[in-house]
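Asker: build me a model from this:
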Amino acid sequence: MTFFESRDKIGGVLRCGIPVNQGQKDKIISTTTGLNITGRGFLVPDAHGSTSRPGVFASGDVVLGTRTVVEAVKYSKEVARAMDEYLRSIG
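Answerer: Purely as a prediction, here's the structure:
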């Protein structure tokens, strides 16, 4: 698992991310409290990727399951926009 972080130049907000693939999805879901999950074990975010835990966003296989790259990228662009908006609002 790769972890990355960067400091936003606006407000010094620390941005963190953990890329999760299908194999790591089960571990994240089973060890993280406060996340709503479907019966099939996927995270339940809103249309903008925000999960039931404030400040936690999700996209890709952990939400949609295996789909086409086009679908994943389309949804992930919206999630990235929503994350940026959220981070600016708290910074």
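
Asker: wait, what's in contact with the spatially most central residue of the chain?
Answerer: The centroid of the chain falls nearest to Ala58 when counting by Cα atoms, centre = their mean (2.1 Å). By Cβ atoms under 8 Å, 6 or more residues apart in numbering, the contact set of Ala58 is 43, 45, 49, 51, 79. Bear in mind the C-beta positions are built from the backbone N, C-alpha and C, glycine included.

Asker: in helices, which of those residues appear?
Answerer: Those of the contacts of Ala58 mapping onto helices are Val79, per DSSP state H.

Asker: just send the contacts of Ala58 back as CSV, with pLDDT and distance to Thr68 too.
Answerer: Shown next, in CSV, are the contacts of Ala58 (pLDDT from 0 to 100; distance: Cβ to Cβ, whole Å):
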residue, pLDDT, distance to Thr68
Leu43, 87, 19
Pro45, 91, 19
Gly49, 91, 18
Thr51, 90, 23
Val79, 90, 16
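
Asker: closest one to Glu71 out of the contacts of Ala58, please.
Answerer: Of all the contacts of Ala58, Val79 has the smallest distance to Glu71: 12.6 Å, by Cβ to Cβ.

Asker: burial measure for the closest residue to the closest one other than its chain neighbours, as a count.
Answerer: Nearest residue to Val79, sequence neighbours excluded (Cβ to Cβ, 6 or more residues apart in numbering): Gly49, at 3.1 Å. With neighbours defined by other Cβ atoms under 10 Å, the count for Gly49 comes to 22.

Asker: quick check, Gly49 in contact with Ala82.
Answerer: Yes - contact criterion Cβ atoms under 8 Å: Gly49 and Ala82 qualify, at 5.5 Å.

Asker: what's the overlap in contacts for those two?
Answerer: Shared contacts of Gly49 and Ala82 (Cβ under 8 Å, 6+ apart): Phe57.

Asker: who are the contact partners of the spatially closest residue to Ala47 that is not a sequence neighbour?
Answerer: Nearest residue to Ala47, sequence neighbours excluded (Cβ to Cβ, 6+ apart): Glu78, at 7.4 Å. Residues near Glu78 by Cβ under 8 Å, 6+ apart: 47-49.

Asker: residues contacting Arg67?
Answerer: Arg67 neighbours (Cβ under 8 Å, 6+ apart): Asp61.
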